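Undergrad: For reference, the sequence and a predicted model appear below.
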Amino acid sequence: MSVREFPLPDVGEGLTEAEIVGWRISVGDEIAVNQPIVDIETAKAVVELPSPFTGRVTALLVAPGAVVPVGTPILAVEVSDREPVLVGYGVGHEQGRRRRLRGANAPQQGGAGRVESAAPQQEVTRLVPPGKPMAKPPVRALARELGVDLSRVTPTGSHGDITRDDVRRAASGNASSPAPIAARPVRGERVPVRSVQRQMAQAMVRSMTTAPHVTEWVDVDVSATMALVKRLRAEPEFADARVTPLTIAASAVIHAIRRTPIVNSSWVDLPDGSAEIELYPFVNLGLAVASPRGLVVPNVRDAGSLSLSGLARAITEVTERAREGRLTPSDSVEGTITVTNIGVFGVDGGTPILNPGEAAILATGRIVERPWAVDGALAVRPVMQLSLAFDHRVVDGASGSAFLADVAAYLHRPPH
Amino acid sequence: MTEDVIRLLTPEGERIEHPDYPLEVDADLLRRLYRDIVLTRRTDVESTALQRTGELGLWCPVLGQEGIQVGAGHAMRPTDYGFTTYREVGIFQVRGVDPVELLHLYRGVTHSSWDPRRVGLGIFTIVIGSHALHSVGYAMGIQRDGADEAVLSCFGDGATSTGDVHEAMVFAAAFNAPVVFLVQNNQWAISVPVTRQARAPLATRAAGYGIPSVRIDGNDVLAGLAVTRTLLDRAREGGGPAFIEAVTYRRGPHTTSDDPTRYRDEAELDHWASLDPLDRLRRHMERVGALDPEFVAAVDAEADALGELLRETIRGMEAPDPLRMFEHVYAEPHRQVTADRAAMADYLATVETS
Ligand SMILES: Cc1ncc(C[n+]2csc(CCOP(=O)(O)OP(=O)(O)O)c2C)c(N)n1
Ligand SMILES: [Mg+2]
């Protein structure tokens, strides 16, 4: 008898991780080859995985709700020694050949789980990384900066690697082990955090903890925008698009970027500790959409190259697909700036959080009739509030304000 | 499913006759068809499981389409030649493709799966529709050789939207080439429904080229056999090209990377599951007393052995030497390939193998 582990496979041509949605088996169960054992959710699909082994389940190594990288052992099964060995994922002596650059700081072979195929006491032994402690280059750089000796740091990474937090803890003289999260009494109903929401949560934390946000507001009289929307809706060219004030706001953003291109850029940290700002020659305009699966931010590619009707159609198309849950993963990557319409929720303004990696996000508020001074007299005008958040590492107050004022001017007097 | 399709077996497994497509059926033929469908299905299920356990990069499931494929495969003579897509596992099975060889490609250890000359099938084509042209070219070659052969050209509903298929049909008609186009209308081209690509039944398109066409029940293995055989015979005898639209349904995902729940209604699946080609054949065999328990058990055992063989051989398969990819680009030495090979060898020398 020996114990075999099943490493999480890549079920979709180049995926790097998956969430364990739920186990269909329990420890102690006798399972057969090809019996469905677990449901996983990847960026592409929810799929059911079959067992590669016949045997008795000795451990479920990953809890439901957890997101783990491809290659992580998820299941341990005690099999009779006749059972063929899985090849290709770091199991046993039949290890497939792997290649790596000579002299490169190579990751440990089969890092996440090599299994002794004929372990005497049926136990699973992981290979202990020989020599150097495992840490990615930026973590090593951080350790150097903080004067931390990596060989004295307790790793907590999912591959037994040292994380930034481990280094910071070591630097603050608390190198032992992370403080356990105190068990909190359950007082309400606990709902697991699933993929889209988890992605949103990670993105928001990353953005808020890396980019210093500044938010500015301006109110704008959008009478002319409202009239324009009404006129365009009647034009045949716009027949198959949904024209809304958001369409004009998107056009305003693209227009204003021409004068203040810095808002359409990214702050890039380099491995050597220096940084660069990457200015984009195109605008991939992100749109925050509430989809059935949670908040998603698909983008319209090269929105600056589209005519107003093309832009209107592209926004209609991508937001509809988002609402129907039909986005593909490629829809939501490589955005360069984002617009979020919080007016649909009946509010005026807010302090939006940047889509990670982007330098600016514009929130458009509801349009309400307000008393408005026109030529020294009081009038009633449809007014919208714009809130712009920007990354103050990249954009200074003058540039951010100029951009916001340009967007407002465009909405006040659209040039169409 | 619409009722304007040619059918020799009802979904309940009742035999019906069609004046244009007579078919003599005995218990032995039924058993061979049954065995091929069961083994095709096992290859399919096992390959999906191998992909899901990380042993294959990709797999294209065939569940639901085995009826037309096994029928059409049996309609071919050994000397006939076929051109297919990735999904014709039933035809591969009938033509004697070794399923282990088939999976080499999906594991990424080779560029093609079999010796075309041995099985009379061109290597399967992933570039949608391009092999329709190869089919017609081959058929024109048969004409020039004066050979007693015909070509079966298989593609999907989506492929009919390509320019290559259009050109192939034009040439087939112009040269009266001995080719039968077999379109498996499985209702979907990845996430695009056939109704989006065609306002009229696909079979009606053939009239525009002057090619006769039929619409058949693709989940009826006997209709697939009878109609394809009749039209291949006709082509061999100089009658020219023909077009078959086999109406069926892809019950699985497009490939193992696809999630069909994102674009289609699960209720469709129940409907098509009730029209399953294997169930239909089984019901018919029970009616005519051709399905004894020993035979069923023997086929099941053969399928189990096939499953085990696939698991064991695929899992043990080593990746080939990367330089092998340069070996069969040209039959003779070629300057560019030699230079590329040397550059790759230089690169590999900078890489450690562990
Ligand atoms: C020329 C070309 N365009 C696009 C693709 C991408 N593609 C792969 S399969 C597929 C759909 C094919 O649908 P269909 O012809 O109905 O065959 P099925 O997959 O349904 O069997 C597409 C568009 C391709 N492989 N080749
Ligand atoms: Mg199709």
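TA: That came through fine. Ligands and ions are numbered 1, 2, ... in the order given.
Undergrad: residues contacting the nearest residue to B:E268 once chain neighbours are set aside?
TA: Using C-beta to C-beta, 6 or more residues apart in numbering or on different chains and skipping the chain neighbours, the partner closest in space to B:E268 is B:Y249 (7.4 Å). Where you see a C-beta, it was placed from the backbone N, CA and C, and this is true even at glycine. Neighbouring residues of B:Y249 by C-beta atoms under 8 Å, 6 or more residues apart in numbering or on different chains: B:64-65, B:186-187, B:219, B:268, B:272, B:275.
Undergrad: And the helices in the stretch 51-200 of chain A?
TA: Taking DSSP state H, counting those that start in this stretch as the criterion, the stretch 51-200 of chain A contains helices spanning A:137-146, A:164-171, A:195-210.
Undergrad: swap that for the stretch 101-250 of chain B, sorry
TA: B:116-119, B:130-145, B:163-175, B:194-197, B:221-236.
Undergrad: how far is the third one from where the chain is centred?
TA: Which is helix B:163-175. Offset of helix B:163-175 from its chain centre (C-alpha atoms, centre = their mean, to the nearest Å): 21 Å.
Undergrad: And for the first one?
TA: Centroid displacement of helix B:116-119 relative to its chain, using C-alpha atoms, centre = their mean, is 15 Å.
Undergrad: how about it: buried residues?
TA: Applying a neighbour-count criterion of 16 or more other C-beta atoms under 10 Å in any protein chain shown, one finds B:V119 buried in helix B:116-119.
Undergrad: Over to the fourth one?
TA: Judged by neighbour count using 16+ other C-beta under 10 Å, the buried positions of helix B:194-197 are B:V194.
Undergrad: Then stretch A:400-413?
TA: Neighbour count says stretch A:400-413 has A:400-411 buried, by 16+ other C-beta under 10 Å.
Undergrad: and ligand 2, which of these contact it?
TA: Residues of the buried residues of stretch A:400-413 in contact with ligand 2 (C-beta under 5 Å from the ion): none.
Undergrad: mind listing which of the residues you listed are in helices?
TA: Residues of the buried residues of stretch A:400-413 located in helices (DSSP state H): A:400-411.
Undergrad: Please compute how far stretch B:278-286 lies from its chain's middle.
TA: The mean C-alpha position of stretch B:278-286 is separated from the chain mean by 22 Å, C-alpha atoms, centre = their mean.
Undergrad: again but with stretch A:270-290, I slipped
TA: So, by C-alpha atoms, centre = their mean, the centroid of stretch A:270-290 is 14 Å from its chain's centroid.
Undergrad: What are the buried residues along that stretch?
TA: Under 16+ other C-beta under 10 Å, the buried positions of stretch A:270-290 are A:280, A:283-289.
Undergrad: quick check, nearest of the residues you listed to A:M204?
TA: A:M204 has its nearest neighbour among those in A:A288, at 11.6 Å by C-beta to C-beta.
Undergrad: Could you double-check that that closest one lies in contact with A:V297?
TA: Yes. Contact status for A:A288 versus A:V297: in contact at 5.2 Å, counting by C-beta atoms under 8 Å.
Undergrad: And for whatever residue of the stretch 151-300 of chain A ends up closest to ligand 1, the neighbour number?
TA: Nearest residue of the stretch 151-300 of chain A to ligand 1: A:P298, at 21.5 Å (C-beta to the nearest ligand atom). Neighbouring residues of A:P298 were enumerated by other C-beta atoms under 10 Å in any protein chain shown; the total is 25.
Undergrad: Verify the stated contact: it with A:D331.
TA: Yes. With contact defined as C-beta under 8 Å, A:P298 and A:D331 form a contacting pair (4.0 Å).
Undergrad: Quick check: neighbours shared by the two?
TA: A:318, A:321-322.
Undergrad: Could you dump those residues into JSON lines with neighbour count, distance to A:I31 and secondary structure added?
TA: Shown next, in JSON lines, are the shared contacts of A:P298 and A:D331 (neighbours: other C-beta atoms under 10 Å in any protein chain shown; distance: C-beta to C-beta, whole Å; DSSP: H, G, I helix; E, B strand; the rest coil):
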{"residue": "A:V318", "neighbour count": "22", "distance to A:I31": "43", "secondary structure": "helix"}
{"residue": "A:R321", "neighbour count": "17", "distance to A:I31": "39", "secondary structure": "helix"}
{"residue": "A:A322", "neighbour count": "23", "distance to A:I31": "39", "secondary structure": "helix"}
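Undergrad: A:S158: which of those residues is nearest?
TA: A:A322 (30.6 Å).
Undergrad: Contacts only, for the closest one.
TA: Going by C-beta under 8 Å, 6+ apart, A:A322 touches A:287, A:289, A:291, A:296, A:298, A:331.
Undergrad: Tell me who's in contact with the fifth one.
TA: When contacts are counted by C-beta under 8 Å, 6+ apart, A:P298 touches A:286-287, A:289, A:318-319, A:321-322, A:327, A:331-332.
Undergrad: Could you do A:A201 as well?
TA: Applying C-beta under 8 Å, 6+ apart, the residues near A:A201 are A:V193.
Undergrad: Local confidence estimate at the residue nearest to B:E268?
TA: In the predicted model, B:Y249 carries a pLDDT score of 98.
Undergrad: what does A:G96 give?
TA: pLDDT at A:G96 comes out at 39.
Undergrad: Going by proximity to ligand 2, name the top residue of the stretch 151-300 of chain B.
TA: Proximity of the stretch 151-300 of chain B to ligand 2 (C-beta to the ion) peaks at B:G156, 3.6 Å away.
Undergrad: Tell me which residues of stretch B:67-83 come out buried.
TA: Of the residues in stretch B:67-83, those buried (16+ other C-beta under 10 Å) are B:67-76, B:80-83.
Undergrad: Quick check: the farthest pair among those?
TA: Within the buried residues of stretch B:67-83, two members stand farthest from each other by C-beta to C-beta: B:G67 and B:Y81, at 22.3 Å.
Undergrad: ok, back up a step: which of the helices of the stretch 101-250 of chain B sits most buried?
TA: helix B:221-236 (a mean of 24; mean count of other C-beta atoms under 10 Å in any protein chain shown).
Undergrad: tell me which strands and helices it is in contact with?
TA: helix B:27-52, helix B:66-75, strand B:151-156, strand B:179-185, strand B:213-217, strand B:242-247, helix B:277-287 (3 or more C-beta pairs under 8 Å, 6 or more residues apart in numbering or on different chains; DSSP states H and E).
Undergrad: For chain A, find the nearest of these.
TA: Chain A lies closest, by C-beta to the nearest C-beta, to one member of those: helix B:27-52, at 4.3 Å.
Undergrad: relative orientation of the closest one and helix B:66-75 in degrees?
TA: Here the directions of helix B:27-52 and helix B:66-75 differ by 120 degrees (axes from the mean of the first three to the mean of the last three C-alpha atoms, to 10 degrees).
Undergrad: Buried residues, helix B:27-52. List them.
TA: B:30-31, B:33-52.
Undergrad: What's the mean pLDDT across it?
TA: On average, helix B:27-52 scores 97.
Undergrad: likewise stretch B:196-203?
TA: So the average pLDDT for stretch B:196-203 ends up being 94.
Undergrad: ok, now stretch B:58-77?
TA: Averaged across stretch B:58-77, pLDDT comes to 98.
Undergrad: what about stretch B:41-56, near ligand 1?
TA: No. No part of stretch B:41-56 sits near ligand 1 under the criterion C-beta under 6 Å from any ligand atom; the closest distance found is 13.2 Å.
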